[in-house]
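Engineer: One predicted model, sequence on top.
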Amino acid sequence: MASPLLLAATAASAQGFGLDQVLPPGNGSVSGRMVQLVALMTVLSIAPGLLVMVTSFTRFVVALSFLRSGLGLQSAPANIVLISLSLFMTFYVMGPTFDRAWQDGVRPLTENKITEEEAFAKVTAPFRDFMLAHVRPKDLDTFAEIAAANTLRAPDGGRTDLRILIPAFMISELRRGFEIGFLIALPFLVIDMVVAVLVMSMGMMMMPPTAISLPFKILFFILIDGWNILISGILKSYF
């Protein structure tokens, strides 16, 4: 009489196991579907980087970093706070873009109404329009010249290739972020200079001016309702 373990092993081997059970469904060959699976895992692993490259996240995080530096604070607000606030504002600005990408590309793909190639074109189209609306023409022309734009054209209408548009958009966002950072740091610099002159005139050579100016900068930022002015100003720069 066969043992229960032997019977279980025989039943399991009879069921069989194939790659089709773990690969995503599709009409292509097994090797082609494996490539699709690897590509999908790669995209998911670099999703945070894609969020930085093609959205408004860069401008927000740069401006908030300048605010913390201007105040003279090293760890307040914490990095997780600045990043979370930047992410929330990014979702606020990019909401229509995300909705359009979902409705036009992701949902039809999950419902097997369009192919992967069509879904990629429809998903990237809203982000392409957003970046084109906010990129500086000078930056776009610079990368077009460097990359020989006449050979980097999308196959569906000759639009600017993403390999040109994305770095040009990031440079434009960094420039605007630094412009905002300059406007943020300027009043704090004035406070530091005034406090330094007063400390020197009083003969307090050993007293660091930043130790005295820090409370005044925080008080100044609170009195002018700085958070409201800063956040609303950055958000309105996209509308």
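Structural biologist: Arrived safely. Predicted model, so just to flag it, every value in this text is computed and none were measured. Numbering: from 1, shown residues only.
Engineer: pLDDT weak spots in this structure?
Structural biologist: 1-48, 148-160, 205 (pLDDT under 70).
Engineer: With adjacent residues omitted, what lies nearest to the residue most central in space within it?
Structural biologist: Taking CA atoms, centre = their mean, the centroid of the chain lies closest to Val52, which sits 2.0 Å from it. Leaving aside its sequence neighbours, Val52 sits nearest to Thr58 (CB to CB, 6 or more residues apart in numbering; 5.9 Å). Heads up, the C-betas are built off the backbone N, CA and C, glycines and all.
Engineer: Off-centre distance for the host helix or strand of the one you found?
Structural biologist: Thr58 belongs to helix 57-71 when assigned by DSSP states H and E. Here the centre of helix 57-71 is set off from its chain's centre by 14 Å, with CA atoms, centre = their mean, to the nearest Å.
Engineer: Then stretch 57-72?
Structural biologist: 15 Å.
Engineer: Can you tell me what sits against it?
Structural biologist: Stretch 57-72 is contacted from outside by 51-52, 76-77, 82-83, 85-87, 89-90, 170, 173-174, 176-178, 180-182, 184-185, 188-189, 192, 210, 213-214, 217-218, 221, 226, 230, 234, 237, using CB atoms under 8 Å, 6 or more residues apart in numbering.
Engineer: Could you do stretch 119-130 as well?
Structural biologist: By CB under 8 Å, 6+ apart, the list of residues contacting stretch 119-130 reads 54-55, 94, 96-98, 100-101, 104-106, 108-109, 114, 156, 159-160, 162, 165.
Engineer: Mind doing that once more with 10 Å?
Structural biologist: By CB atoms under 10 Å, 6 or more residues apart in numbering, the list of residues contacting stretch 119-130 from outside reads 50, 53-56, 93-94, 96-110, 113-115, 131, 154-156, 159-162, 165-166, 169, 238.
Engineer: then it to CSV, C-alphas only?
Structural biologist: C-alpha atoms of stretch 119-130 as CSV (Å, rounded to 0.1, in the frame of the first residue of the first chain):
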residue,chain,number,x,y,z
ALA,A,119,-1.0,52.1,-23.7
PHE,A,120,2.5,53.5,-23.4
ALA,A,121,1.7,56.2,-26.0
LYS,A,122,-1.6,57.1,-24.2
VAL,A,123,-0.1,57.2,-20.7
THR,A,124,2.9,59.3,-21.7
ALA,A,125,0.8,61.8,-23.7
PRO,A,126,-0.6,63.7,-20.7
PHE,A,127,2.9,63.9,-19.1
ARG,A,128,4.3,65.1,-22.4
ASP,A,129,1.7,67.8,-22.6
PHE,A,130,2.4,68.9,-19.0
